[in-house]
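>>> Coordinates for the following, if possible.
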Amino acid sequence: MTFDSLALHAGIQLVLVYKMTSLTYAQLSVKSQVGCAKTELFNCDNKRSSAVSPGTAQCDIRASITLEQPDCPPACRQASESSRMNRATAKRLIERYFRQLTEGCGNSNCTNEFCASCSTSQPLGNNAAAAKALELFKVNAKLCDYYPSVESDENSRLRREMSTEEFSDVHYLTEHTVCRILSVCEEEGNYSALVRVVGRIFSNADALIKSFRKEEPSAAAKTLNSLKSKDEEKQSDQSSEKKLSSSASPPDETPNGIPNSFESSVDIDAVRRVYDKLLSVDQVESALVNAIIYLTPNVELDLEYLDVYEANPDYLNIFIIVMENSNLHSPEYLEVALPLFCKAMSKLPLTALACLSKLWSTFGLPHVRRMMETFQQLITFTVVSNEYGAENLINDDETVVAATKCLRVVFYASILGGEVDVEHNEEDDEDGESDELTLHELLGEERLYKKGPRVDPLEKELGVRPVDGVKPLIPFEDFVNESVNEVIEMDKDFTFFKVNAETKFSFQSCPFILSVITKSQGLYYDNRIRMYSERRLTALYSMAQGQQPNPYLKLKVRRDHIIDDALIRLEMISMENPSDLKKQLYVEFEDEQGVDEGGVSKEFFQLVLEEIFNLDIGMFTYDDDTKLFWFNSSSLENEAQYTLIGIVLGLAIYNNCILDVHFPMVVYRKLMGKKGTFLDLSDSHPVLHQSLKEVLEYSGSLEEDMMLTFQISHKDLFGNPVLYDLKEKGDRIPVTKENRQEFVHLYADYILNKSVESQFKAFKKGFLMVTNESPLKYLFRPEEVELLICGSRKLDFEALEKTTEYDGGYTKDSQIIKDFWETIHSFGEEQKRLFLQFTTGTDRAPVGGLGKLKMIIAKNGSDSDRLPTSHTCFNALLLPEYSSKDKLKERLLKAITYAKGFGMLHHFGEVLRFYGFHFSLHLSDPLLQPCLGGGKLCHQLSKLGLHHIQVALQFQDLLVQIFGVRACIRDRLVD
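From the prediction side, this is the model:
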């Protein structure tokens, strides 16, 4: 008798009233009322159930409760979907209590006094059991697990089951049971019995938990002994160990060597073989869909309110078995079944999710990719089927949120199943937290500006980070969902991420699903909020102390002493008030007029980098083959210089500037907390990497042929050889086949870590001065950090053409504009980079490519011999309306070629001589050394005195024509 038929029999009709609060679990009150409410349930009687089509499947098995109150206002009748589902799932839970009170759990040793199977329980009538079930539900009483009856003779039980027409005694499934039922159905040509059994077992959590269990070791041993000899047993064991990807018994370690304490009781191989057989029968598909729809709400309730996993870890078997269905991505599941399943799975405790991730990591690439694509398809299907906006955020879509949380489990399984390095980690120098209250805490803003990097709880539970993944099973890029990135409101998501993380879901808590462009927007919001916060705090301090407020990080530097000035100023700030580094950067060059709207900062970064990466200084070495810089272990510069370049990189990220730096990827990996390894040498020191690789692969005698020892040599700053022992008395330890792996490891560790330890430690210290409170480390991987700092080397000028805007009378249909883009597209790679450098101040594309760059082309007069000019502050190109395409190309090439460098200096000297300035252009002359940028020209002219400035004004147009000097520099000349 079902719960509904019981209620009708007793003449009692139930009204379930929920009172939801944000602080406690849902509270439920139940009262009896005649004639006010009508309870309905689509009965799922096993004896009357039959195969149904996918279109009508949901009506036969889904339970719901509808309330009809004719005298109530319309608002009462319009219950929300979530409220209806809550009432439906609550009804199912009450029904389980009723069955436990009347039928029992089947365990003869049960000790639950509220279970009919308990020897001390008193029999209850239907009415009394119904009332008692409501009471037990309200107090969240214990629910027993279901125990099927087991006879001592397994074979006789199977014969009795198979002889029963309806197979009603089958309480759980095994591969043998399914095969027997399938053979009977095939003989009869009717699969209705199989459909009923599959639907019944897969819709019952207790039955599914006990299904497809592994054989007991003793039983397995007996079977092997009866079928194989001892020699065959050993061969079978060896072959089974090799088949790791499809093994039903997960190993003690994940494929990368990380300990795996979880061992599933499910026979995975048997489940997969059963699915292959079941899915070949068309009628079974709808039964599986219906079963999941009926199963998952009960499972979700159990996980959320009853802590069933802690009581029985085998509860995880439900998710293991269901996820082996290779058809989960099909349309039949996407509509209802899979969303409900994801919601239930997202309720699993953290330890259970970690167990799933470890187990799935042993399945191999095909199975992990199938699960990834299943969740991705559900997310995409849901996003494209709905419309999102400011009033309907994707963050509030339960299906997308649940599927994203499930996808996170697969993400870490992909990392664990691939090549992982969890050992070589840099030691973080964390400053002790002060006991003094900060102003943020006094203002109640500690949540928004809390210190310390965020850590993913699942990452912590598994003991592996995305940065540890050397080569995951599935590339990181495949986890990015473009549909989500297109509709997400990053300003709202940032608020949830920083402030409402406990109550609202933020996609930044699952950064793997976001693109670099989207994550950079979140980082931009974080940086700007901190800038405004520091500005406001400065105002408060200034008001309290009666001082002039200083809301910016102001750097006033001299061009010919830019490193010294910047170093002294930044060092003072870092010691006196490090929080000032969080302010917006404002650069001012001494004796120059100009407002820093971004262009002056760009120029500052460019000049600092040109100076600090100058090989004559000796801070870095340069590889002509890779075009990359590396730390000079023999540098004579002090650590403060390296701290400065670290601060500069941090400020570039913080102020959204792109730098023209050329570091190997290992630098960014070290900044994110990893040490350099042999694999990193392929990028930073390719010649050395190839040599060490040959040592590892050499098949001859290393002692006789190569005569290597554990003593190595390298050259210092002056080219003199320096000896270093990788081990104590290394010159006496020859490299052999037995110890060559150790030799390679120690060699790489010395080159990438130990030899540059002091330099890199100072460099990282400067970087963290700016980014220590930023979510940078949590959101981005090393290769993405490189994109943030350096931009992209891939230049898509087609995308730039589509996003460029026009001003001053130009349009995209103007002939000069058509000629301009034809000319740009005809340029070689180096000329395109020169053009980009001339227009924007950098030859790199921003994150997302040139399509994200907002360039403006404005008309700058009619046809003339003047060169094009640019405002790098605003990415604006001032282009005269030249009379022909050839003239446009000639003028543009001259502008971008002589915009910087000694070519411009030579022309400048000719002009000055023309106007009567007779002096040597020798580079040792302090007046002209080394005039490389337009800003420096202004600075040097200012040293000539007012009379010379006035003379310079007379030929400023000619100066622009010859040099291609940018328009902002002309403005400085006028000043």
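>>> Please enumerate the strands of this structure.
Under the criterion DSSP state E, the chain carries strands at the ranges 14-19, 27-32, 419-420, 469-471, 552-557, 584-589, 620-623, 628-631, 711-715, 721-725, 805-807, 856-859, 869-871, 876-879.
>>> any chance of those in TSV, with mean neighbour count and mean pLDDT too?
(C-beta placed from N, C-alpha, C; glycine too.) Shown next, in TSV, are those (neighbours: other Cβ atoms under 10 Å; pLDDT from 0 to 100):
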stretch	mean neighbour count	mean pLDDT
strand 14-19	15	32
strand 27-32	14	32
strand 419-420	18	94
strand 469-471	17	93
strand 552-557	18	86
strand 584-589	20	86
strand 620-623	16	91
strand 628-631	21	93
strand 711-715	13	87
strand 721-725	12	90
strand 805-807	14	92
strand 856-859	19	92
strand 869-871	25	84
strand 876-879	23	91
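>>> residue contacts, residue 536?
Contact criterion Cβ atoms under 8 Å, 6 or more residues apart in numbering gives no residues in contact with residue 536.
>>> Looking at the strands of the chain, which is nearest to residue 772?
The closest of the strands of the chain to residue 772 is strand 552-557. By Cβ to Cβ, the value is 15.8 Å.
>>> mind listing what that closest one pairs with, with the direction of each?
Strand 552-557 has its sheet partners listed here by DSSP bridges as strand 584-589 (parallel).
>>> Run the chain-centre distance for the strand it pairs with.
33 Å (Cα atoms, centre = their mean, to the nearest Å).
>>> try stretch 775-787
Distance, centroid of stretch 775-787 to centroid of chain: 9 Å (Cα atoms, centre = their mean).
>>> Contacts for that stretch next, please.
453-456, 466-467, 476, 497, 508, 511, 514, 516, 519, 522-523, 526, 653, 663, 665, 668-669, 671-674, 771, 788, 847.
>>> So which bits of the lengthiest helix in the chain are buried?
Of all the segments of type helix in the chain, defined by DSSP state H, the longest one is helix 516-545. Judged by neighbour count using 16 or more other Cβ atoms under 10 Å, the buried positions of helix 516-545 are 516, 518-523, 525-527, 530-531, 533-535, 537-538.
>>> care to break the protein down by domain?
As given by the TED database, the domain ranges for the chain are 89-139, 268-424+450-516, 522-788, 792-902.
>>> start to end distance for the longest one?
In domain 522-788, first residue to last residue: 13 Å (Cα to Cα, to the nearest Å).
>>> thinking again about what came up before, least reliable of the domains of the chain going by mean pLDDT?
For the domains of the chain, mean pLDDT drops lowest on domain 89-139, to a mean of 80.
>>> roughly how far is that one from the heart of the chain?
Worked out by Cα atoms, centre = their mean, domain 89-139 lies 47 Å from the chain centre.
>>> Output the domains of the chain as a markdown table; include the columns distance to residue 189.
Converted to a markdown table, the domains of the chain look like this (distance: least, Cβ to Cβ, whole Å):
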| stretch | distance to residue 189 |
| --- | --- |
| domain 89-139 | 34 |
| domain 268-424+450-516 | 12 |
| domain 522-788 | 57 |
| domain 792-902 | 60 |
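>>> Which of those domains has the highest mean neighbour count?
Across the domains of the chain, averaging neighbours per residue (mean count of other Cβ atoms under 10 Å) puts domain 268-424+450-516 on top, at a mean of 19.
>>> which residues touch the nearest residue in space to residue 588 that is not next to it in sequence?
Closest residue to residue 588 apart from its sequence neighbours, by Cβ to Cβ, 6 or more residues apart in numbering: residue 556 at 4.7 Å. In this structure, residue 556 makes contact with 565, 569, 587-590, judged by Cβ under 8 Å, 6+ apart.
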